[in-house]
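Asker: with the input below, show me the fold.
(2 chains)
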Amino acid sequence: MANAAPGRPDPEDGARGTETGGEDPVVSFRDVGLRLGGREVLDGLSFAVAPSETFMLVGRSGAGKTSVLRLVNRLLEPDRGEIRVEGRAVSDRDPIELRRGIGYVLQGIGLFPHYTVARNAGLVPRLLGWDERRIEDRVRELLEMVGLPPDEFAGRYPGSLSGGQRQRVGVARALAADPPLLLCDEPFGALDPITRRELQDEFRALSRRLQKSLLFVTHDVREALELGDRIGLLEDGRLAFTGSPDAFRESGHPLVRAFMG
Amino acid sequence: MSFLDYLAANRAEVLQRLGEHLVLVGSSVGLGILVGVPVGIYLTRHRSYRGPVIGLANIIQTIPSLALFGFLIPIPVLGGIGTRTAIVALFGYSLLPIIRNTYEGIRGIDPSVRDAGRAMGMTDAELLRRVELPLALGVILGGIRLAAVIGIGIATIAAAVGAGGLGVFIFRGLSMVDDRVILAGAVPAALLALAVDWGLGRLERGFSRWREEET
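Answerer: Modelled structure (predicted):
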């Protein structure tokens, strides 16, 4: 079994790299197939994300990137193959409990418009039944962390926030219960370029500091090169290339070249 | 003697008929909420039933009210002469606006909100109670408000099957060819409809206060 250590430039390891340098992967896909509406979306997808690694999944629109994320927390079920989170097959886990243990940042953000910023950020802890005092402390800490001073923002509703501020709340919500793994579905895709840069920089610093594992979907190759420890290029339902940003830049792989534009 | 004098002279009966009217509308719309809201929620989960169910409610809505009261009279249990028949008919009319608005209110919620709720690990019941119903409440109340206003109008016809209500004055005035008597039923019914419309409208806005901050 080949080891796909983070950063190892091996264009072929996509099909085999389900182990990561001795450490148990946080997420692993093994030969996963998925059909949606009669279309083969994923076909033999295998890869693994190591602890505190940022794995960027890139690919064209409709390549199935979002489906990969939705398979991790069982919003979708695979037709074949095995998906593990922290060493346990997700098919053996209760979907609700599984989802509460994984952070999710969505492009559409999906804040609850009738919840204040504080209640949105504290959603998962509240679902987990934390006591109010602990939730309140945690929410203050989170809002500080994402750059929204709690005294100013805690009581406001999402409708009064800018796009960038909303996504900061989205990040706070994903981090709330301190999950080891974050799924990010083009979280900054809908923001203007200046706000996007700002959030990307802060987000990278934050996720490094918190030692989170990230499975991050994007179609923005610059974002992938800047945020990622490793990049996987999804094409025809499997990874056509896996490697470090440097390896990605220097790769002669025709699909990677095409993607680099 | 003007209509107001007639009203003053028959104060006691006007109040009694108003009370009957409120019972007719209140209980039929109450039943309509108890049945219509769950049905509307069910349809959002099983969308293939939407066409037939809304279609049926639509058909009920198109039956002329006097005819519906008439059809119900010979039917055992549901029908007969009196209040019960009227409540059954008014309940039937309340269903369409309540079911439709519950369905549309929930379907109209931004899909990314529902998606986020599911991704955060909310159960279907939590999603419904904490997200979908609160967000759809304004629209659902709009349906209830419409059902109540329609019901207040149609309930005046319930007097024809002996269910009482403000319609008693209207039918009495028709047979006596006396406008004052008709107005003694029609004017309080219209005022009641306006008052209920206003009250429920305020309630509707009260439940969507979070919208005020929207930019």
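Asker: I'd say A:Asp79 and A:Leu36 touch.
Answerer: No - under the criterion of CB atoms under 8 Å, A:Asp79 makes no contact with A:Leu36, lying 9.5 Å away. C-beta coordinates here come from the backbone N, C-alpha and C atoms, glycine included.
Asker: contacting residues for the nearest residue to B:Ser94 once chain neighbours are set aside?
Answerer: With CB to CB, 6 or more residues apart in numbering or on different chains as the criterion, B:Ser94 has its nearest non-adjacent residue at 3.1 Å, and that residue is B:Gly32. By CB atoms under 8 Å, 6 or more residues apart in numbering or on different chains, the contact list for B:Gly32 reads B:91, B:94-95, B:98, B:144, B:147.
Asker: just checking, which helix or strand of chain A averages the lowest pLDDT?
Answerer: helix A:254-260 (a mean of 87; mean pLDDT, DSSP states H and E).
Asker: residue ranges with poor pLDDT in chain B?
Answerer: B:1, B:208-215 (pLDDT under 70).
Asker: ugh, wrong one, chain A
Answerer: Using pLDDT under 70, chain A drops low at A:1-22.
Asker: how close does the residue nearest the centre of it sit to B:Ile182?
Answerer: Among the residues of chain A, the one closest to the centroid is A:Leu183, at 2.4 Å (CA atoms, centre = their mean). Going from A:Leu183 to B:Ile182 by CB to CB, to the nearest Å gives 68 Å.
Asker: A:Ala174 in helix, strand or coil?
Answerer: helix (DSSP: H, G, I helix; E, B strand; the rest coil).
Asker: so it is in contact with A:Ile109, correct?
Answerer: No - the pair A:Ala174 / A:Ile109 is not scored as a contact, 10.5 Å apart, by CB under 8 Å.
Asker: ok, residues contacting the least confident helix or strand of chain A?
Answerer: A:58, A:221, A:233, A:235, A:240-241, A:248-249, A:251.
Asker: of these, select the buried ones using a ChimeraX command.
Answerer: In ChimeraX syntax, the buried subset of the contacts of helix A:254-260 is picked out as below (16 or more other CB atoms under 10 Å in any protein chain shown):
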select /A:58,221,233,235,240,241,248,251
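Asker: among the contacts of helix A:254-260, which are in strands?
Answerer: A:58, A:233, A:235, A:240-241 (DSSP state E).
Asker: can you redo these as CSV with distance to A:Leu71?
Answerer: CSV is the format used below for the ones in strands among the contacts of helix A:254-260 (distance: CB to CB, whole Å):
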residue, distance to A:Leu71
A:Val58, 17
A:Leu233, 18
A:Glu235, 17
A:Ala240, 19
A:Phe241, 20
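Asker: for these, which one is nearest A:Arg168?
Answerer: A:Val58 (24.0 Å; CB to CB).
Asker: which residues does that closest one contact?
Answerer: A:65, A:217-219, A:221, A:224, A:231-234, A:259.
Asker: so what's B:Ile140 up against?
Answerer: B:37, B:40, B:98, B:101-102, B:105, B:133.
Asker: tell me where the chain has helices.
Answerer: Unless you meant another one, I'm taking chain A. A:65-72, A:95-100, A:117-121, A:123-127, A:132-145, A:150-153, A:163-175, A:193-209, A:221-227, A:245-250, A:254-260 (DSSP state H).
Asker: meant chain B, my bad for not saying
Answerer: Using DSSP H, helices in chain B cover B:3-9, B:11-45, B:50-62, B:65-72, B:83-107, B:111-119, B:124-126, B:133-154, B:167-176, B:179-206.
Asker: most packed of the ones you listed?
Answerer: helix B:83-107 (a mean of 24; mean count of other CB atoms under 10 Å in any protein chain shown).
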